[in-house]
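Engineer: following is a predicted model, sequence given first.
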Amino acid sequence: MFLGILKLMKETAYKCPLCLNENKPNFMGYRLNKAQGIFPGRNYSDSQKVVCCKRCKLIYNYPQVFPQSNIFKEDDSLLDLTQVSAEAIKATETYTDILNFLKKDAKILPAAKVLDIGSGIGRVAYALKQNGYDVQAIEPKKELYDFSVQNNFIAKENVINKTFDEVEFEKESFDFIFLEPLNHFTDPHRAIQKTLVWLKPGGYLQLETVNSRWFYKRALHFFYKSTFTKTVPYTSALRKPFHVCEYSAKSFKVYCELNDLKLINLNSHPCNTYIKIKWADKLMQYLMRRFDSGAEMSVIIKK
Ligand SMILES: [Zn+2]
């Protein structure tokens, strides 16, 4: 009896991993542990429960199912990048949006210390280094780390092959921190707070993540509902690339307000619309930007 009550208390002890709200989240449905397709059916035996925080609209799995360190180590969604030409990547991916922000808006000039968390094959780190910044990087995936060093995207002494949880840096030592992707973190509040400790007061943190309000995803959700399935297209807890939390613009607005942080920039990137008619493609891209419903989101926070 007593154990039963304890178990019940444990099950009802909700806490949003972003805004820490302890109110019971809204139940959204189930995410199957396989490709769902257009007609996912009504068998939810192999699935994860998906909920949405009432306060910050974060969409996450309850309970969380996969240990954080496994997510970092097992995600191989970017391994394809090691098959393409390093020189071609260096020439085409210049990250002018990040550089323009640093130089023009933030007035963070070359020689400033910057940190790239989840540097992958080192594309952002390379662009920052080429523009004179003092870059430090972390990449947990061994294959991506090796590729970045062997192809001179970043010098070996400037990149650490460890997970986010395994590293520590000096307090207030970076002017700018780039963290991608936030949707891999089961405990985003802890991750953001840990990162902010390393950031100088007045420094900037840029977060990249998937957008839960992506137009196509919402359309699919609506379609699922019309077929009377409880399956939802949100998160992918046990399937690569392990999206364990999905954010909307509101998630960051609420988070910054609660934590006394300044939200400097919130961009919703449309990505590929898959529409072949040019004017329709442009219209869709405009709408996604206008209504924060692009596939990915880029957020800049000032400490
Ligand atoms: Zn929340």
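Structural biologist: The structure has been received and is ready for your questions.
Engineer: which bits of the stretch 1-150 of the chain sit near the ion?
Structural biologist: For the stretch 1-150 of the chain, the residues in contact with the ion (C-beta under 5 Å from the ion) are C16, L18, C19, N21, C53, R55, C56, L58. Any C-beta I mention is one placed from the backbone N, CA and C, and that applies to glycine too.
Engineer: for the stretch 151-300 of the chain, that is, sorry about that
Structural biologist: Contact residues, the stretch 151-300 of the chain versus the ion (C-beta under 5 Å from the ion): none.
Engineer: can you map out the helices along the stretch 151-300 of the chain?
Structural biologist: For the stretch 151-300 of the chain, the helices defined by DSSP state H, counting those that start in this stretch occupy 188-198, 215-226, 249-258, 278-290.
Engineer: could you dump those helices to a markdown table with mean pLDDT and mean neighbour count?
Structural biologist: Compiled in a markdown table, these are given as follows (pLDDT from 0 to 100; neighbours: other C-beta atoms under 10 Å):
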| stretch | mean pLDDT | mean neighbour count |
| --- | --- | --- |
| helix 188-198 | 97 | 18 |
| helix 215-226 | 92 | 15 |
| helix 249-258 | 96 | 19 |
| helix 278-290 | 84 | 13 |
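Engineer: so where is the stretch 101-250 of the chain shaky, pLDDT-wise?
Structural biologist: The model of the stretch 101-250 of the chain has no residue with pLDDT under 70.
Engineer: now whichever residue of it sits closest to the ion, nearest residue through space, not along the chain?
Structural biologist: As assessed by C-beta to the ion, the ion sits closest to H189 within the stretch 101-250 of the chain, at 8.9 Å. If the residues on either side of it in the chain are set aside, H189 comes closest to L18, at 5.6 Å by C-beta to C-beta, 6 or more residues apart in numbering.
Engineer: the one you found: what secondary structure?
Structural biologist: The three-state assignment at L18 reads coil, by DSSP: H, G, I helix; E, B strand; the rest coil.
Engineer: ok, the longest strand belonging to the chain: who's next to it in the sheet?
Structural biologist: Using DSSP state E, we find that the single longest strand of the chain is strand 199-210. Strand pairing for strand 199-210, using DSSP bridges, gives strand 174-179 (parallel), strand 296-302 (antiparallel).
Engineer: what about the last one, distance to the chain center?
Structural biologist: Strand 296-302 has its C-alpha centroid displaced from the chain centroid by 10 Å (C-alpha atoms, centre = their mean, to the nearest Å).
Engineer: got the angle for it vs helix 188-198?
Structural biologist: Strand 296-302 runs at 40 degrees relative to helix 188-198, counting by axes from the mean of the first three to the mean of the last three C-alpha atoms, to 10 degrees.
Engineer: ok, and what's touching strand 296-302?
Structural biologist: 97, 101, 192, 202-211, 247, 249, 252, 256, 261-269, 271 (C-beta atoms under 8 Å, 6 or more residues apart in numbering).
Engineer: got the CA positions of that strand in CSV?
Structural biologist: C-alpha atoms of strand 296-302 as CSV (Å, rounded to 0.1, in the frame of the first residue of the first chain):
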residue,chain,number,x,y,z
GLU,A,296,14.9,24.9,-37.4
MET,A,297,15.3,27.7,-34.9
SER,A,298,18.3,29.8,-34.0
VAL,A,299,18.2,31.7,-30.7
ILE,A,300,20.7,34.2,-29.3
ILE,A,301,20.7,35.0,-25.6
LYS,A,302,22.7,37.7,-23.8
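Engineer: quick one: mean pLDDT over that strand.
Structural biologist: Mean pLDDT, strand 296-302: 94.
Engineer: coming back round to it: who touches the residue of the stretch 101-250 of the chain closest to the ion in this structure?
Structural biologist: Applying C-beta under 8 Å, 6+ apart, one finds that H189 lies in contact with P17, L18, C19, L20, Y255.
Engineer: may I ask which of those has the most neighbours?
Structural biologist: Using other C-beta atoms under 10 Å as the neighbour test, those are led by L18, with 26 neighbours.
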